[in-house]
Each structure stands twice: as C-alpha cells, then as structure tokens.
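Peer 1: Provide a 3D model corresponding to the input given below.
(one chain, ligands or ions: 3)
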Amino acid sequence: MPEEPFLSPDKNRGLRAVRHFAVGELVFACPAYSYVLTVNERGAHCENCFTRREDLFKCGKCKQAYYCNVDCQRSDWPMHKLECVAMVAYGENWCPSETVRLVARLIMKQRVTTDRTPSERLLLLKEFESHLDKMDSEKDEMNQTDIAALHHFYSRHISDLPDDQALTELFAQVNCNGFTIEDEELSHLGSAVFPDVALMNHSCSPNVIVTYKGTVAEVRAVQEINPGDEIFNSYIDLLYPTEDRKERLLDSYFFTCQCTECTSKSKDKEKMEIRKLSSPPEPEEIRSMVLYAKNVIEEFRRANLLHPNILFIYELLEMCELSLEKMGAIFADTNVYMLHMMYQAMGVCLYMQDWDGAMSYGEKIVQPYSVHYPAYSLNVASMYLKLGRLYLGLEKKTHGIRALKKAVAIMEVAHGKDHHYVAEVKREIEEQK
Ligand SMILES: [Zn+2]
Ligand SMILES: [Zn+2]
Ligand SMILES: [Zn+2]
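Peer 2: Residues are numbered from 1 along each chain as shown. Ligands and ions are numbered 1, 2, ... in the order given. Below you'll find the predicted structure:
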C-alpha cells in the first residue's frame, strides 16, 4: 500500500506519504462504503453505478429508480428495497433528507458486513469522530429531526433500528465525515461515505484533490508530495478569506485551522479587494459590509435548504442583484463576496436558460477565480467548463475552445488523463475543428 496511518501530535490522526508523488499522480482510490444518488438526478444517472447515460431503464415497481441494466438493478436491490415499496406507499409524502437516506443504507451495510471493507483499509467507519460534545442546540435539533424521519420512513424496512443514542452518534459521524459526489461542473450527484478519504486532515493549501469515477473516490496529488509529508485534503470551498474559512471549519468540523495559508494569509488582500474610490471607505464600513455579505450568503443557504428545487427563482435573482449593487459600492468586482453572489446569479440564469446572462456572469468570475483559488482547483476547472460550453452553445467557437482547453489542463491533473470527463471535454473540442 502506498500510504500508512500515523498519529500527529495535535490532531487525532491523519495520513502521511511513504513515497514520492508527482503532481497529477493517483495517491489512492477508495470505493464508497455507502452512497445514495440525489433525488434530482434520478433518470439521468444509474442508481447503482452513477453512470450518466440516456438509455437507462426504470424499476418496474416504483418507476423512480433508473439503471444501466439488470446487473446494476440486481446489485442495488439490497439498498433500493429500503425505499422502493415505501416510495409507492407514501407517494408525494415520501421526503426523507439525503442524510437520512444515506444513514439508512449505512445501517443496512453495517449489518451485512463482518470484515473490514475495501473502503476501510486505513480507517474503520466505527472509528469516525462524532464531536457529539461540541454540538450546539441547532445541530442537536437537526439531528433529532433526522432520527424522527429515519423512524418514519424506514422502520418498516429496517427491523430493530439502533437506539436514539446510537443514531445520534451515527448522524453526527456522517455530518463530520460524509462526502458529496459532484460531476465535472460541480453539480451535486449524491452523498457517500469514504472512510479512508475521511482520514485525511484539512489544509487550505491542500496537496491532494478528491474526484469521483462513478461511486469511487480518487485522490490525486496537486502539489509534489515527498516521503514523510502529511497528505492534506480541503474540506471547504477555498474562495473565502482566512477569517471566514476558519469560522466555517470551526462550525462544521470543530477545529481551528493552522495551515500555512491560514498563517500567511497571503491571499486575503486580493480576496477582499476594495473598489478604487476618491475617498476610501472607513474600516468600519468595510466590516459592516462583510457582515452584510455573510448574512446574505447565510440567507441563501437557508433558502436552498428549504426549497432545494429553487422554487423562488425570481426572488433569488433579485436578491443577488440587490446585494451586488449594495456591496459594489465598496467592494471591487474581484472581491470574493461579489464573486459569490455572481456565482449564485449565474446558477439562477442557467436554471432559467438565460444563456447570455449566465455567460456574462461567468466571464466576470473566471479570471478572479483563477487568482483566488489554488493552482489546481475544481472550482476553476468547472467554471471554465461551464463557460466554454456556454460559448459553444452561443456559437462563439474560438472562445469556447479556449475555455474548454483551460478546463482540460486542470482536469488532467485533478481527474487524471484517463478520466471519462476528460475524454468527453476533449471530444467536445475535437468536434469544433
Ligand atoms: Zn449502472
Ligand atoms: Zn423501485
Ligand atoms: Zn487553513
């Protein structure tokens, strides 16, 4: 095995390289211990292997799950059977959260496995930290809601659910150690548990990136790694300035980041760029604008949680434009809080099929993104990809090819040269010639 577990002094555990890894090299792969396809992607991806294709066929009973073929359907049945009959019985009232769906699968998987699985070569699921002692009342409440939903939707199909204390711990473990699987444009495909991947500690200047091939996580070096180096993954979106990142990490993962980037804060000034004005704003004005930005971001996050299908699409777009106008009085267009809102606005435009609108937001975002994010970043790659595909759709061939090539250059390192996403984008470029 190319890696080994080790104990580091102030964190409980981590992963250290025992040999050299070049940029772009696969460090290790980890099949999902448990996974679930998100409801919105049903019909577009196989429930079993997550393959994206148009000729999937649906489960004859529930008519909601889709598969490549009978083999995929058969292999998924031990998990799908937890939901198949229930979805028919509850109809539109069947609405467990994705975390609840994942935990139901985890419980079943734990019952049928006795040995260490190939996903747990280094870390057992049972060894996950839960940080139960650090849960605040909001998290505790969410946890209780999840437990109630698990009982409501799954107790008929899972006999003897674990007691509430065990479930509280399991949900907390999944919240701190779970992963979301995304496609090449960073669209959400599902949730999963990868114990060995969860072993890696966080850094805001990570030396690896995690991508997905179906339901397998692949960890690739994005910085040169030498024998003895600790391997760091990033748990969060790295767009934001140090103080903001530290807050997010403390809130979701319960630790204070002391990585090289959090110490040097080398990118904070550019990330917080202020508009060039004849009379520069007072520090107090800047502080209150940052507070405003954080509140809007939080409002958006909650709106998305409540209405994951973006029902209030026009309201969202209005919120974006309003906040951009307000923040734009002080913040430069390259300021990360401006970029955050532009990214949201671009998403709304894409949803509404306003391709020109999406393109003009994308054009404003992509350049500053490549300055703020690390050299190899999935956020930057996916932005070039979205923009390139928009250009091609709008018959802007030269611009399209240029953007797609930038995406490929990053993806060849992050996803690996032989990834089917890379092959697809190369094909799109070829077709233009
Ligand atoms: Zn399949
Ligand atoms: Zn079914
Ligand atoms: Zn950090």
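
Peer 1: and the most centrally placed residue in the chain, helix, strand or coil?
Peer 2: Compute the mean C-alpha point of the chain, and by C-alpha atoms, centre = their mean the closest residue is Thr180, 4.7 Å away. Counting by DSSP: H, G, I helix; E, B strand; the rest coil, the backbone at Thr180 sits in strand.

Peer 1: wait, it sits on Phe194?
Peer 2: No: counting by C-beta atoms under 8 Å, Phe194 is not a contact partner of Thr180; they are 11.1 Å apart. The way it works is simple: take the backbone N, C-alpha and C, and place the C-beta from them, glycine included.

Peer 1: elements contacting the helix or strand encompassing Arg105?
Peer 2: Arg105 is part of helix 98-112 when elements are defined by DSSP states H and E. On a contact count with 3 or more C-beta pairs under 8 Å, 6 or more residues apart in numbering; DSSP states H and E, helix 98-112 meets strand 34-37, helix 70-90, helix 137-154, helix 164-177, strand 188-193.

Peer 1: that one versus helix 70-90: what angle between them?
Peer 2: Counting by axes from the mean of the first three to the mean of the last three C-alpha atoms, to 10 degrees, helix 98-112 lies at 120 degrees to helix 70-90.

Peer 1: if I look at Lys265, how far off is Tyr240?
Peer 2: Relative to Tyr240, Lys265 is positioned 12 Å away (criterion: C-beta to C-beta, to the nearest Å).

Peer 1: neighbour count winner among these two?
Peer 2: Of the pair Lys265 and Tyr240, Tyr240 is the one with more neighbours under other C-beta atoms under 10 Å, namely 25 against 13.

Peer 1: roughly how far does that one sit from ligand 2?
Peer 2: Noted for Tyr240: a distance of 41 Å to ligand 2, by C-beta to the ion, to the nearest Å.

Peer 1: kindly report the same for Glu141.
Peer 2: Counting by C-beta to the ion - Glu141 and ligand 2 are separated by 32 Å.

Peer 1: now do Glu218
Peer 2: On the measure of C-beta to the ion, Glu218 and ligand 2 end up 30 Å apart.

Peer 1: residues near that residue, how many?
Peer 2: The burial count for Glu218: 20, using other C-beta under 10 Å.

Peer 1: OK, contacts around the residue nearest to Asp76 when sequence neighbours are not counted?
Peer 2: Nearest residue to Asp76, sequence neighbours excluded (C-beta to C-beta, 6 or more residues apart in numbering): Asn48, at 3.8 Å. For Asn48, the contact set (C-beta atoms under 8 Å, 6 or more residues apart in numbering) comprises Tyr67, Cys68, Cys72, Gln73, Ser75, Asp76.

Peer 1: pretty sure the fourth one contacts Cys59?
Peer 2: Yes: with contact taken as C-beta under 8 Å, Gln73 and Cys59 are classed as touching, separated by 6.8 Å.

Peer 1: mind listing the shared neighbours of the two?
Peer 2: Ala65, Tyr67, His80.

Peer 1: phi first, then psi, for the first one.
Peer 2: I take that to be Ala65. Torsion angles at Ala65 (phi, psi; degrees, to the nearest 10) stand at phi -90, psi 140.

Peer 1: swap in the second one?
Peer 2: Here is the backbone geometry of Tyr67 (degrees, to the nearest 10): phi -140, psi 160.

Peer 1: hmm, back to that, name the nearest of the shared contacts of Gln73 and Cys59 relative to ligand 1.
Peer 2: Proximity of these to ligand 1 (C-beta to the ion) peaks at Tyr67, which lies at 5.6 Å.

Peer 1: surely Asn175 is in contact with Ser97?
Peer 2: No: Asn175 is beyond contact range of Ser97, at 11.4 Å (criterion: C-beta under 8 Å).

Peer 1: so where's the stretch 201-350 of the chain uncertain?
Peer 2: Counting by pLDDT under 70, the stretch 201-350 of the chain has low-confidence residues at 304-311.

Peer 1: and Asp115, its phi and psi?
Peer 2: Residue torsions, per degrees, to the nearest 10, at Asp115 are phi -90, psi 170.

Peer 1: follow-up on the earlier one: how about the shared contacts of Gln73 and Cys59 in JSON lines, adding pLDDT, neighbour count and distance to Ser279?
Peer 2: Shown next, in JSON lines, are the shared contacts of Gln73 and Cys59 (pLDDT from 0 to 100; neighbours: other C-beta atoms under 10 Å; distance: C-beta to C-beta, whole Å):
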{"residue": "Ala65", "pLDDT": "97", "neighbour count": "24", "distance to Ser279": "61"}
{"residue": "Tyr67", "pLDDT": "98", "neighbour count": "22", "distance to Ser279": "64"}
{"residue": "His80", "pLDDT": "97", "neighbour count": "22", "distance to Ser279": "63"}
